[in-house]
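**Student:** Sharing a model that was predicted from the sequence below.
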Amino acid sequence: MSKTTPEDLAKKRSDEKTLVSEMIALYCRKQHHTLRGSLCPECQQLHDYALARIEHCPFMETKTFCSACKVHCYQPEMREKIRTVMRWAGPRMLPVHPVLSIKHVIVTMKARREANAGK
């Protein structure tokens, strides 16, 4: 297996930030009726919190997504909020962001395959 380069890690971190940002934006737009490009204060707080967690994640090289991580660095309240957003926005991402959605499915399937192979 090849070693992850700093550029690969930066891209992975950037991709995860983009995905989370788009999911929060979609959720806020449809659930809180905000305009495209803006977030309500609650969603803005969640967005900033999530991006800070992604930026400082020490497991970025080996993890797939926060939900699959063994260490949960989110405060319980914020973790529940992001789970609510993900559950709602996940199934609705395909028509809005097909490339992001397909990448996410591929990474998820690959991680599940690797996890099952280790059993």
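**Tutor:** Noted; the coordinates are in hand.

**Student:** May I have the residues that are in contact with I54?
**Tutor:** Residues in contact with I54, defined by Cβ atoms under 8 Å, 6 or more residues apart in numbering, are 13, 16-17, 20, 60, 66. Backbone N, C-alpha and C define where each C-beta goes, glycine included.

**Student:** Any of those buried? List them.
**Tutor:** Restricting the contacts of I54 to buried positions leaves 13, 16, 20, 60, 66, with burial counted as 16 or more other Cβ atoms under 10 Å.

**Student:** farthest-separated two in the residues you listed?
**Tutor:** Greatest spatial distance in the buried ones among the contacts of I54: V20 and M60, 13.2 Å, computed using Cβ to Cβ.

**Student:** Under the pLDDT cut-off, which ranges of the chain? List them.
**Tutor:** In the predicted model of the chain, residues 1-4, 118-119 satisfy pLDDT under 70.
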